[in-house]
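> sequence and predicted structure, then a few things I'm wondering about:
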Amino acid sequence: MSPAAARRYTRVVEAFRLVLPGVAIALVASMALFWLMHDPDNSLKLNYTRIERLDDDLTMVNPTFQGTDAENRSYTVNARAARQVGKGGTTVELDTIDAVLTLPDQPAVKTLELEAAAGRLDTEASRLELAGGVRAEAGSGEVITMPQLAVDLDARTATSEGPVEATGPLGRIRADRLEITDGGRVIRFSGGVRTTIYPEGRKRLSAAGDGETEK
């Protein structure tokens with residue numbers, strides 16, 4: 001890979017870092033939801049259709065949780081159901097997750113959205129597993145799709161094994177693995193990485209000083 005091609009690849013990867021806070025939505029909201037299930041009458045903003053109990057499992061139906069993250073950005077998380085596994089258990093299973101984070105300080109992006117078919121939060125192990133297809137999208141057009149995502153809350157890392165595809169205005173990246181470290185500051189694609197720079201993306205990169213082309 002020539003130096004110019006390496007710079008273009010780096011610029012495209014940097015663009016996809018915009019969607020990583022979408023993963024943080026699931027982390028913060030899932031942990032808050034776990035706490036709320038122990039005390040659903042507290043003052044935090046949580047709406048739900050009803051609470052069901054089956055054996056020792058407690059299920060919150062159609063929960064919607066609203067809050068702010070550490071940077072005072074507002075988010076909303078919806079799920080079809082949230083189930084606490086076992087009486088006093090440390091695991092919550094989420095069904096059909098849909099989350100939105102607003103970014104008032106980034107007008108070019110505006111919002112981040114995260115969708116996952118299922119999630120499993122283990123507060124004792126500080127791990128979150130998103131499965132069944134995960135999709136994170138920035139309002140500026142960057143999208144990352146992956147079959148699953150495993151998050152280590154303590155280490156502030158996340159990995160996805162399987163076909164990963166990232167698309168955006170600049171281009172597209174396909175890989176067999178995605179690794180996120182340092183709380184989202186570092187993103188690494190590996191395993192059969194294939195990069196496509198779109199014509200419009202080449203123009204934008206050229207205007208930014210990465211004008212050397214490579215076929």
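Right, received. Where do you want to start?
> make it CA atoms for all contacts and neighbour counts henceforth
OK.
> show me where pLDDT drops low in this structure?
1-46, 54-56, 69-70, 108-109, 183-184, 200-215 (pLDDT under 70).
> do you have the helices of it handy? List them.
3-16, 21-38, 199-207 (DSSP state H).
> return the set of residues that bridge with Leu128.
Using DSSP bridges, the beta-bridge partners of Leu128 come out as Leu121, Val151.
> so what's it up against?
By Cα atoms under 8 Å, 6 or more residues apart in numbering, the contact list for Leu128 reads Leu27, Gly119, Arg120, Leu121, Asp122, Ala150, Val151, Asp152, Leu153.
> OK, contacts around Ala79?
Here Ala79 is in contact with Asn62, Pro63, Thr64, Leu94, Asp95, Thr96, Ile97, Asp98 (criterion: Cα under 8 Å, 6+ apart).
> am I right that the second one is in contact with Thr76?
Spelled out, it's Pro63. No. Contact criterion Cα atoms under 8 Å: Pro63 and Thr76 do not qualify, at 10.4 Å.
> related to what we said a few turns ago, buried only: go through the contacts of Ala79 for me.
Those of these that meet the buried threshold are Asn62, Pro63, Thr64, Leu94, Asp95, Thr96, Ile97, Asp98, by 16 or more other Cα atoms under 10 Å.
> turn those into JSON lines, including distance to Gly139.
Shown next, in JSON lines, are these (distance: Cα to Cα, whole Å):
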{"residue": "Asn62", "distance to Gly139": "25"}
{"residue": "Pro63", "distance to Gly139": "24"}
{"residue": "Thr64", "distance to Gly139": "21"}
{"residue": "Leu94", "distance to Gly139": "25"}
{"residue": "Asp95", "distance to Gly139": "24"}
{"residue": "Thr96", "distance to Gly139": "21"}
{"residue": "Ile97", "distance to Gly139": "18"}
{"residue": "Asp98", "distance to Gly139": "15"}
